[in-house]
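**Q** build the 3D model from these lines:
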Amino acid sequence: MKVYVTREIPESGTAFLREKGYEVTVSEKNGVLTKSELVLALTEKEYDAVLCLLTDTIDADVFHAAPKAKIFANYAVGVNNVDVKEAAQRGILITNTPDVLTDTVAEHTFGLILAITARIAEGDRFTRAGKYVGWAPMLLLGCDLRGKTLGVLGAGRIGSRVAHHARNGFDMDVIYYDVQKNDLFEKEYNATYFSTAEEVLQMADIVTVHVPLLDATRHLINSKRLAMMKPTSYLVNTSRGPVIDETALVAALRTNIIRGAALDVFENEPALAPGLVELENVVLTPHIASATEETRAKMAVMAAENIIAVFEGRTPPNLVKN
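**A** Below you'll find the predicted structure:
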């Protein structure tokens with residue numbers, strides 16, 4: 001059996017596949033494969049499986065280039081980079097790597113919340129630039145978290161874990177919006193449910209976004225909804241970039257519609273909306289919310305386990321349903 005891996009991943013995954021006796025080819029390109037490069041690579045051998053990343057566009061052209069491939073194992077939780085319906089029509093299995101990164105992403109999310117509300121990144125730049133000349137009572141004033149209201153958009157695994165940190169670690173109030181009411185979420189975090197995202201945006205001091213990228217969630221945060229937020233509020237996103245209209249966000253940050261934002265994902269990665277990097281009231285990290293050694297290694301093993309299951313005639317543990 002031959003497996004193609006579209007980019008270098010932790011060796012825990014590729015070594016696992018090789019231990020099973022499979023031939024593993026890893027892309028040697030130091031960067032993201034374009035779709036044409038991926039198609040070309042898949043035609044060089046007859047691969048039985050592809051371990052792909054969220055940066056890969058997996059569609060009919062790619063499936064056609066690997067006619068023997070039984071499975072495309074996505075090294076990510078989301079599968080918005082994969083045409084799942086097309087795969088189903090071709091009898092190709094799609095898998096992902098859920099759950100394993102929940103705690104890691106939630107911790108990074110709260111790191112961003114702390115960084116933007118306490119102006120940590122801004123203070124670091126200020127100090128490195130030689131501007132610090134001594135303590136001053138009005139220097140880089142941020143805001144406390146205790147007693148503030150966290151608004152969670154998407155009360156799934158990661159959103160729930162962020163709410164846990166907010167409620168139990170910082171004595172914050174929690175409100176949330178999701179497509180359905182979550183009784184367990186409300187009980188565990190004394191959270192209040194609102195049936196619309198607008199209500200949460202109007203009431204929250206900090207809004208954290210944890211929704212999948214769907215047609216219904218693309219530009220969920222737009223200029224109209226940003227205008228509903230408090231001028232003292234903050235927006236945090238570790239879900240998917242296109243959930244936020246980045247151009248509208250830049251305008252809102254420039255004109256103090258909201259006080260600040262912290263982003264780990266971007267609408268047109270790796271490109272950023274014009275003007276975003278020039279703003280002091282935003283913290284930016286390069287899509288690293290799941291980037292710990294432990295979590296990335298576990299993701300690699302999980303992707304490998306999905307492939308091995310298919311090769312051994314079993315249902316993969318993380319099968320994505322159409």
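
**Q** got the residue ranges for the helices in this protein?
**A** 11-19, 35-43, 60-65, 84-90, 102-117, 120-128, 157-164, 170, 183-189, 197-203, 223-226, 246-254, 293-311 (DSSP state H).

**Q** go through these and pick out the most buried.
**A** Stretch with highest mean neighbour count among these: helix 157-164 (a mean of 23; mean count of other Cβ atoms under 10 Å). Placement of C-beta: from N, CA and C, glycine included.

**Q** show me what it is packed against.
**A** helix 102-117, strand 149-153, strand 173-177, helix 183-189 (3 or more Cβ pairs under 8 Å, 6 or more residues apart in numbering; DSSP states H and E).

**Q** nearest to Asp245, of those?
**A** strand 149-153 (14.5 Å; Cβ to Cβ).

**Q** got the CA positions of the closest one in PDB?
**A** Taking C-alpha atoms only, strand 149-153 is exported to PDB below (Å, rounded to 0.1, in the frame of the first residue of the first chain):
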ATOM      1  CA  THR A 149     -19.200  38.700  30.200                       C
ATOM      2  CA  LEU A 150     -17.800  36.200  27.700                       C
ATOM      3  CA  GLY A 151     -20.000  35.600  24.600                       C
ATOM      4  CA  VAL A 152     -19.400  32.200  23.000                       C
ATOM      5  CA  LEU A 153     -20.500  31.800  19.400                       C
END
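
**Q** which helices and strands does that strand pack with?
**A** Against strand 149-153 (3+ Cβ pairs under 8 Å, 6+ apart) you get helix 157-164, strand 173-177, helix 197-203, strand 206-209.

**Q** quick check: domain ranges of this structure?
**A** Domain ranges of the chain: 2-98+292-311, 102-284, per automatic domain parsing.

**Q** show me what contacts the residue positioned nearest the centre of the chain?
**A** Nearest residue to the geometric centre of the chain (Cα atoms, centre = their mean): Ser239, 3.7 Å. Shown in contact with Ser239 (Cβ atoms under 8 Å, 6 or more residues apart in numbering): Gly154, Val209, His210, Val211, Pro212, Leu213, Val265.

**Q** closest one to Leu141 out of the residues you listed, please.
**A** Checking the contacts of Ser239 one by one against Leu141 (Cβ to Cβ), the nearest turns out to be Val209, at 25.7 Å.

**Q** turn the helices and strands packed on strand 149-153 into JSON lines, columns for mean pLDDT and distance to Glu23.
**A** Listed next are the helices and strands packed on strand 149-153 as JSON lines, based on pLDDT from 0 to 100; distance: least, Cβ to Cβ, whole Å:
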{"stretch": "helix 157-164", "mean pLDDT": "97", "distance to Glu23": "35"}
{"stretch": "strand 173-177", "mean pLDDT": "98", "distance to Glu23": "47"}
{"stretch": "helix 197-203", "mean pLDDT": "98", "distance to Glu23": "48"}
{"stretch": "strand 206-209", "mean pLDDT": "98", "distance to Glu23": "41"}
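
**Q** is it possible to export these to a markdown table including distance to Asn306?
**A** Formatted as a markdown table, those follow (distance: least, Cβ to Cβ, whole Å):
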| stretch | distance to Asn306 |
| --- | --- |
| helix 157-164 | 19 |
| strand 173-177 | 31 |
| helix 197-203 | 33 |
| strand 206-209 | 28 |
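
**Q** Ser290: which of the ones you listed is closest?
**A** Closest to Ser290 of those is helix 157-164 (Cβ to Cβ; 9.9 Å).

**Q** residues in contact with that closest one?
**A** 98-99, 102-103, 105-106, 109-110, 150, 152-153, 155, 174, 176, 178, 182, 185, 188-189, 191, 208, 210, 238.

**Q** angle of it against helix 102-117?
**A** Going by axes from the mean of the first three to the mean of the last three Cα atoms, to 10 degrees, helix 157-164 is angled at 50 degrees with respect to helix 102-117.

**Q** right, and the helix or strand after helix 157-164?
**A** Downstream of helix 157-164, the first helix or strand assigned by DSSP states H and E is helix 170.

**Q** still on that earlier bit, Ala65: which of the helices and strands packed on strand 149-153 is closest?
**A** That would be helix 157-164 among these, by Cβ to Cβ, at 33.4 Å.

**Q** just the CA coordinates for the closest one, please, in CSV.
**A** Backbone C-alpha positions of helix 157-164 (Å, rounded to 0.1, in the frame of the first residue of the first chain) are rendered in CSV as follows:
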residue,chain,number,x,y,z
ARG,A,157,-16.1,21.1,22.4
ILE,A,158,-13.7,24.1,22.1
GLY,A,159,-16.2,26.7,22.9
SER,A,160,-17.2,24.7,26.0
ARG,A,161,-13.6,24.5,27.1
VAL,A,162,-13.0,28.2,26.7
ALA,A,163,-16.2,28.8,28.8
HIS,A,164,-14.7,26.5,31.5
